[in-house]
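Participant: Just to be clear, the model below is a prediction. Sequence and coordinates:
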Amino acid sequence: MDSNKVNVYLGTQVDEVTDAMVKRLAVKAVNITDMLARAYTTPKGVDGLKILSMAAGLAGYACHKAVSEEKGSFHVVTSLEGKEYYFSDDVNAYLYDGATSVIGLLLGLYGCRYPDADKPDVKPAIEKAAAKAGHSDYRIAGLNPNTLMEEVMTCFDAIKDTLIIPNCESPKEWPVLMGIVLQSVADEIMRVSNPREVFDITVDIILYLSKMDVNSL
């Protein structure tokens, strides 16, 4: 993941303004991908599940944080345990509305890298994330979402003032930046693992953590 620029795969053509934004953020994304690679490198190499889950979690959480920062709307659902989960069309727009949405970028990668494979349908994952919100026994690839969320929030707070805010023109770009980081990480992991399994795990993490914050723990 060491490079001067992160390559971005777009599944559909975008306008000149959006293309310029993507190219600008791709240059900045390399610092975050390198940081994650250093954090999750072991003597045996990069810990694939840990770096993928962190990158996916950061991308999903960035959607939530962008809406919060922009004073967007949330529909709050409280679980039987008193934990809060957040549903919002504003969040959904960052998640899967267009080529530069978080899941749009992931679909762009998958389509470009594996053009002969069937295009993944994310609707079942969207429905599952909504149905599982608040279930204390729910696991994603064996991971406890609450534990992952704590790690994601800690990481996001640690890099927000140094690697996120200075590199974005507004919070609206936070999900795009983190989506580009995730695309780069997922690309590397897909090369050494089953690409469809990587895609599915990644989408599950993105969607579930986009509905969480500290009040969900």
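Facilitator: On my side now, so go ahead. Numbering: from 1, shown residues only.
Participant: Only C-alpha atoms from now on, for both contacts and neighbour counts.
Facilitator: Noted.
Participant: Spatially central residue (nearest the centroid) of this structure, please.
Facilitator: Note on the chain: the residue nearest the mean C-alpha position is A59, at 2.5 Å, using CA atoms, centre = their mean.
Participant: from what I can see that residue touches G179, true?
Facilitator: Yes - using CA atoms under 8 Å, A59 is in contact with G179, at 5.5 Å.
Participant: Can you verify the residue nearest to the centre of the chain is assigned to a strand?
Facilitator: No - read with DSSP: H, G, I helix; E, B strand; the rest coil, A59 is helix and lies in no strand.
Participant: how about the strands in this protein?
Facilitator: Taking DSSP state E as the criterion, the chain contains strands spanning 41-42, 45-46, 75-78, 84-87.
Participant: want to try a markdown table for these, with distance to G108 as columns?
Facilitator: Formatted as a markdown table, the strands of the chain follow (distance: least, CA to CA, whole Å):
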| stretch | distance to G108 |
| --- | --- |
| strand 41-42 | 27 |
| strand 45-46 | 24 |
| strand 75-78 | 29 |
| strand 84-87 | 25 |
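Participant: So which of those is the most surrounded?
Facilitator: Greatest average neighbour count among the strands of the chain goes to strand 84-87 (a mean of 21), per mean count of other CA atoms under 10 Å.
Participant: biggest helix in the chain, by residue count?
Facilitator: Looking across the chain with DSSP state H, the single longest helix is helix 16-39.
Participant: Flag every buried residue along that one.
Facilitator: 21-22, 25-33, 36-37 (16 or more other CA atoms under 10 Å).
Participant: cool, and stretch 54-69?
Facilitator: Under 16+ other CA under 10 Å, the buried positions of stretch 54-69 are 54-67.
Participant: next one: stretch 120-131
Facilitator: Buried residues in stretch 120-131 (16+ other CA under 10 Å): 122, 125-126, 129.
Participant: List the contacts of the helix or strand of the chain with the lowest mean pLDDT.
Facilitator: Across the helices and strands of the chain, the lowest-confidence element by mean pLDDT, DSSP states H and E is strand 45-46, at a mean of 85. Contacts to strand 45-46, defined as CA atoms under 8 Å, 6 or more residues apart in numbering, come from residues 37, 40.
Participant: Tell me the one among the buried residues of stretch 54-69 nearest to N92.
Facilitator: Among the buried residues of stretch 54-69, C63 lies closest to N92 (CA to CA), at 8.1 Å.
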